[in-house]
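Peer 1: pasting the sequence and the predicted coordinates here, then a few questions.
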Amino acid sequence: MEFLEQDIERNITRLVQEKNLEIVELNFYKSQNDYVIRLLVDKDKGGITVEECSLIHKTILRFLEEKQFRDGRYSLEVSSPGLDRPLKTKKDFLRVCSREVVCYLSENIEGKKEHQGRIQNVFEDVLEVQTKSGLVAIPFKIINKAVQII
């Protein structure tokens, strides 16, 4: 099943990119007796519309039907990640540069595993956040979760 999921993921990624959209998150999981494909899609600059979600849903559905994926025994969910989408990649942090974020870390920095502040700089391996107590350099590799404060 893992190989099939990788093939489906590759093709879904291609279909989404052909529509000039990006995948924020793609999950396959089993819920009771159903197999679920959950997809969060956005634009490079953010702000995907309901119509665009519907279009990509129909496109992926057609593809899955052509491949006879799981004999049609699955559920496909396509939605926007929303304003509070998780920040995972350098590109995500660049998109919200100069905005307020909260970062949850796997290791302490300055005695804390949670830092909130305004993003000042996004470097190759480090995020600089201006907090109330000063500028904090946070290596990307220790960020467990980060979100923009709305």
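Peer 2: Happy to help now that I have it.

Peer 1: verify the contact between Asn121 and Glu128 for me.
Peer 2: Yes. Judged on Cβ atoms under 8 Å, Asn121 makes contact with Glu128 at a distance of 4.1 Å. Every C-beta, even on glycine, is put in place using the N, C-alpha and C of the backbone.

Peer 1: mind giving me the domain ranges of this protein?
Peer 2: Listed by automatic domain parsing, the domain ranges of the chain are 2-79, 90-148.

Peer 1: in JSON lines: the ones you listed, plus mean neighbour count and mean pLDDT.
Peer 2: Output for the domains of the chain, formatted as JSON lines (neighbours: other Cβ atoms under 10 Å; pLDDT from 0 to 100):
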{"stretch": "domain 2-79", "mean neighbour count": "14", "mean pLDDT": "88"}
{"stretch": "domain 90-148", "mean neighbour count": "15", "mean pLDDT": "95"}
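
Peer 1: list the contacts for the residue nearest the centre of the chain?
Peer 2: Centroid check for the chain by Cα atoms, centre = their mean gives Val24 as the closest residue, at 2.9 Å. Residues in contact with Val24 (Cβ atoms under 8 Å, 6 or more residues apart in numbering) are 40-42, 81, 85-86.
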